[in-house]
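K.L.:
structure for the following, please:
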Amino acid sequence: MIPAHDEQRLYSRMQLDARVILATTKEKVEGICRNLSAEGLLMEVATGQCQLGQQWRLVLPSADAGVAPLTATASVIRVEPGDGVDLVALALSEVH
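P.N.:
Down below sits the predicted model:
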C-alpha cells in the first residue's frame with residue numbers, strides 16, 4: 001500500500017537549516033542545507049558557486065561534538081537561480 005501523502009520519492013526528505021560545506025582540492029563553498037534524504041540534498045549557496053555536473057566532497061557538520069559529521073561525494077544535478085542565492089540539488093554517494 002502506498003502512503004497517503006504527496007511525496008512520491010523513494011526516500012522522504014528531512015527539512016533542515018544547517019551549514020554545509022562543499023569542497024574540492026581547489027575551492028570551497030559554504031551554504032545552507034534546506035533538506036536531506038538518503039540519496040540527496042538541497043542547499044542554498046551564493047549565486048554562481050555551483051554548476052551542473054560538478055563533483056564535490058560534502059561535509060555536513062554535526063551539532064554535537066561527540067558525533068562525526070556526515071560526509072559524502074556530491075554531484076550537482078540541478079541549479080535553480082534565485083535573487084542572490086541559488087538552490088542546488090545534489091545527488092549523494094559514498095555517504096559516511
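K.L.:
state which strand of the chain is the longest.
P.N.:
In the chain, ranked by residue count with DSSP state E as the criterion, the top strand is strand 70-81.
K.L.:
buried ones in the helix or strand following it?
P.N.:
For strand 70-81, the following helix or strand on the C-terminal side (DSSP states H and E) is strand 85-93. Using 16 or more other C-beta atoms under 10 Å as the test for burial, strand 85-93 gives 85, 86, 87, 88, 89, 90, 92. Where C-beta positions appear, they are placed from N, C-alpha and C, glycine not excepted.
K.L.:
shouldn't the fourth one be in contact with residue 42?
P.N.:
Yes. Between residue 88 and residue 42 a contact is recorded at 7.3 Å, counting by C-beta atoms under 8 Å.
K.L.:
quick one: contacts for the residue nearest to the spatial centre of the chain?
P.N.:
The centre of the chain sits closest to residue 41, judged by C-alpha atoms, centre = their mean, with a distance of 3.2 Å. If you count contacts by C-beta atoms under 8 Å, 6 or more residues apart in numbering, residue 41 has them with 20, 33, 35, 58, 60, 74, 89, 90, 92.
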